[in-house]
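S.K.: show me the folded form of this:
(2 chains)
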Amino acid sequence: MDADRIARTLTRIAHEILERNAAPGDVHDLALVGIRTRGVPIAKRLAQLLRDIHGGDEVPTGALDITLYRDDLMRHAVGPQPVVRKTEIPFSIDDKRILLVDDVLYTGRTIRAALDALIDFGRPKAIQLVVLVDRGHRELPIKADYVGKNLPTSPSQSVQVHLVEVDGRDEVEIAG
Amino acid sequence: MKKDLLGIAELSSEEIYLILDTAEAMREIGQRPIKKVPTLRGKTVVNLFFEPSTRTRTSFEIAEKRLSADTLSIAVAASSVLKGETLVDTAMNIEAMSPDMIVVRHAASGACHLLSRICRSRIINAGDGMHEHPTQALLDAFTIREHKKRIDGLKVAIVGDLLHSRVLRSNVLLLTKLGAEVWVSGPRTLVPAGMERFGVRVSTSVEEAVADADVIMMLRIQQERMQGAFIPSLREYFTVFGMTAERVARAKPDAIIMHPGPMNRGVEIASEVADGPYSVILEQVANGVAVRMAVLYLLAGGPEGE
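M.R.: Now for the predicted structure:
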């Protein structure tokens, strides 16, 4: 996927989000939470798109670091701990419809950790999952509500999402 | 990270920054409605305190619980140490019950290094005699960085009982490692010989030490460790070295005032300074939990290069 394709995909997802959630003129109970690292800039772009399309209030946007909730944390015999970064959810998620955003959906383990983390912040009315790429190979019963692109891959391949905010360019590529 | 946290001496500046950055993330957990993450689930942490402590022990216990570790604290006043058991025997018996980490405070300098050699569990030094108190220095650095956005190039004046202070040693090691200009001041009798070797400036004039300082760090007069007449009287000490508003006025206008606690009001610090606008003494306590969470988390991983 190139930059143009990513932009059009996110615009389509923004329309789908509004179609499914917003009563006309009303996005008040929506909120976006991006999973670090690359879910965060995608969530911010979606917030901007929702505003452009809908014209209403800004949808509150947060950033979630799931490191402390990982299921493989203490299982490695050797090696340093993964770096923990800040979780920033500067709004109450109680009774909100949360759009959880990540770049790639793969085993589902990150999303499991993110769901556990979100529940520690409150009790949202609903959580919906937005991903730019679904590459299959789920290990947990998790399914995305909005998918930018389904990319059939083999487990030996890796899917790299590059975003301007993090990597200086917009591109999705399959390696290996 | 190495297996244990014994002192600042064993840490590189990269490891210090890693701990401080991790603590930034940990602090947010304390502001959530549910102040707990599942990270250390199933890990057992024993807090073994051979010396009295309120702040440090509470801080470690809260940090451990926020990371979901199973934790218990042994206060020596109610333990078999009173029946004549040695430090090594006490530690070996605790080891036999397979804890993952042991947080140790002991009156003997080097007690943690000794345990580090004989224990499989990770050892965290919570203060050993007059040697080091690494988590205190780390939380001080965290607090300084939060206010000044950097540590490199700051002038830090440390005033008080330098001789008996493990907080001083850990802070001097850490601050000089990160490039701060450190001044220390106290009565001649309470200045350890050869302080200059640590790369600090020594002055018996508190006015000179605090001049244009960005940070003033007070140390408690540790009467419980003094067997002899180090100072003529507490009142005279306050007159010559006590941190008063007039002395604070010699520092930079935005200088912060720190104290590791417990404070002796009217001895090393005037109440108006301790409770004044630039005092960050209670912030230090709050930050201690986040810094200790960071240390516990980072030590729970595999050791590097083993």
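S.K.: tell me which stretches of the stretch 151-300 of chain B form strands.
M.R.: Along the stretch 151-300 of chain B, counting by DSSP state E, counting those that start in this stretch, strands occupy B:155-159, B:181-185, B:201-203, B:215-218, B:256-258.
S.K.: in the third one, what counts as buried?
M.R.: Put plainly, it is strand B:201-203. When neighbours are counted by 16 or more other Cβ atoms under 10 Å in any protein chain shown, the buried residues of strand B:201-203 are found to be B:Val202, B:Ser203. In this view, the C-beta of every residue, glycine as well, is placed from N, C-alpha and C.
S.K.: name the residues of the helix ranked longest in chain B that come out as buried.
M.R.: Longest helix in chain B by number of residues, with DSSP state H as the criterion: helix B:281-299. Along helix B:281-299, the positions that meet the burial threshold by neighbour count (16+ other Cβ under 10 Å) are B:281, B:283-285, B:287-299.
S.K.: likewise for stretch B:84-100?
M.R.: Buried-residue list, stretch B:84-100, by 16+ other Cβ under 10 Å: B:Leu87, B:Thr90, B:Ala91, B:Ile94, B:Glu95, B:Pro99, B:Asp100.
S.K.: am I right that the third one sits in a strand?
M.R.: Which is B:Ala91. No - assessed by DSSP: H, G, I helix; E, B strand; the rest coil, B:Ala91 does not belong to a strand; its assignment is helix.
S.K.: next up, phi/psi of the closest residue in space to B:Thr71 that isn't next to it in sequence, please.
M.R.: In this structure, B:Thr71 finds its nearest non-sequential neighbour in B:Glu64, 4.1 Å apart by Cβ to Cβ, 6 or more residues apart in numbering or on different chains. Dihedral angles of B:Glu64 (phi, psi; degrees, to the nearest 10) stand at phi -60, psi -40.
S.K.: that older thread, just say which of the strands of the stretch 151-300 of chain B is most tucked in.
M.R.: Compared across those, strand B:215-218 shows the largest average neighbour count, a mean of 27 (mean count of other Cβ atoms under 10 Å in any protein chain shown).
S.K.: got the residues of chain A near chain B?
M.R.: Taking Cβ under 8 Å from any Cβ of the partner chain as the test, the list of chain A residues beside chain B reads A:65, A:68-69, A:73-74, A:76-81, A:83-88, A:116-117, A:120-122.
S.K.: filter the residues you listed to the buried ones?
M.R.: Neighbour counting by 16+ other Cβ under 10 Å classes A:65, A:68-69, A:73-74, A:81, A:84-85, A:87-88, A:117, A:120-122 among the residues of chain A next to chain B as buried.
S.K.: tell me the pLDDT of the nearest residue to B:Glu207 once chain neighbours are set aside.
M.R.: Spatial nearest neighbour of B:Glu207, excluding adjacent residues (Cβ to Cβ, 6+ apart): B:Arg250 at 5.9 Å. According to the model's per-residue confidence, B:Arg250 sits at a pLDDT of 97.
S.K.: now A:Asp72
M.R.: In the predicted model, A:Asp72 carries a pLDDT score of 86.
S.K.: what sits against it?
M.R.: A:Arg109 (Cβ atoms under 8 Å, 6 or more residues apart in numbering or on different chains).
S.K.: and the helices in chain A?
M.R.: A:3-21, A:39-54, A:109-119, A:164-167.
S.K.: tally of neighbours for the nearest residue to B:Ala137 once chain neighbours are set aside?
M.R.: Taking Cβ to Cβ, 6+ apart, and ignoring the residues beside it in sequence, B:Ala137 has B:Ser170 as its nearest neighbour in space, at 3.6 Å. Using other Cβ atoms under 10 Å in any protein chain shown, B:Ser170 has 27 other residues around it.
S.K.: isn't B:Ser170 right up against B:Leu139?
M.R.: No - taking contact to mean Cβ atoms under 8 Å, the distance of 10.5 Å between B:Ser170 and B:Leu139 leaves them out of contact.
S.K.: any residue of stretch B:36-53 up close to chain A?
M.R.: Yes - on the criterion Cβ under 8 Å from any Cβ, stretch B:36-53 is in touch with chain A at B:Lys36, B:Val37, B:Pro38, B:Thr39, B:Leu40, B:Gly42, B:Lys43.
S.K.: which one in those residues is the model shakiest on?
M.R.: pLDDT across these is lowest for B:Gly42, at 92.
S.K.: that residue looks like it's in a strand, true?
M.R.: No - following the definition three-state DSSP, B:Gly42 is coil and is not counted among the residues of a strand.
S.K.: any idea how far it lies from A:Arg51?
M.R.: 44 Å (Cβ to Cβ, to the nearest Å).
S.K.: next one: A:Asp102
M.R.: Using Cβ to Cβ, which is the criterion applied here, A:Asp102 is 21 Å from A:Arg51.
S.K.: show me which of these two is the more surrounded one.
M.R.: Neighbours per residue (other Cβ under 10 Å) separate A:Asp102 from A:Arg51, with A:Asp102 holding more: 28 against 15.
S.K.: might one say that the more buried one is in contact with A:Gly108?
M.R.: No - using Cβ under 8 Å, A:Asp102 makes no contact with A:Gly108, being 10.5 Å away.
S.K.: quick one: end-to-end distance for stretch A:58-72.
M.R.: According to Cα to Cα, to the nearest Å, stretch A:58-72 extends 36 Å from its N-terminal end residue to its C-terminal end residue.
S.K.: same thing with stretch B:219-231?
M.R.: When the termini of stretch B:219-231 are compared using Cα to Cα, they are 15 Å apart.
S.K.: nearest the middle, which residue of chain A would you pick?
M.R.: Per Cα atoms, centre = their mean, the C-alpha nearest to the average position across chain A is that of A:Val101, at 1.5 Å.
S.K.: next one: chain B
M.R.: The C-alpha lying nearest the average C-alpha coordinate of chain B belongs to B:Gln136 (Cα atoms, centre = their mean; 1.9 Å).
S.K.: any idea which helix or strand carries that residue?
M.R.: Secondary-structure assignment from DSSP states H and E places B:Gln136 in helix B:134-148.
S.K.: point out where chain A drops to low pLDDT.
M.R.: Counting by pLDDT under 70, chain A shows low-confidence ranges at A:24-25, A:76-78.
S.K.: all strands for it, in order.
M.R.: Chain-ordered strands for chain A, with DSSP state E as the definition, fall at A:30-35, A:61-64, A:97-105, A:126-134, A:146-150, A:158-162, A:171-175.
S.K.: and the contacts of the first one?
M.R.: Think strand A:30-35. Strand A:30-35 is contacted from outside by A:17, A:21-22, A:40-44, A:46-47, A:50, A:59-66, A:89, A:91, A:93, A:96-102, A:110, A:114, A:118, using Cβ under 8 Å, 6+ apart.
S.K.: direction-wise, compare that strand with helix A:39-54 and give the angle.
M.R.: Using axes from the mean of the first three to the mean of the last three Cα atoms, to 10 degrees, one finds that strand A:30-35 and helix A:39-54 are set 160 degrees apart in direction.
S.K.: in its sheet, what does strand A:30-35 sit against?
M.R.: Partners of strand A:30-35 in the sheet, by DSSP bridges, are strand A:61-64 (parallel), strand A:97-105 (parallel).
S.K.: these: which one's closest to B:Ala229?
M.R.: strand A:61-64 (58.0 Å; Cβ to Cβ).
S.K.: hmm, back to that, now the residue nearest to B:Ala137: how far from B:Lys252?
M.R.: In this view, B:Ser170 and B:Lys252 are 24 Å apart by Cβ to Cβ.
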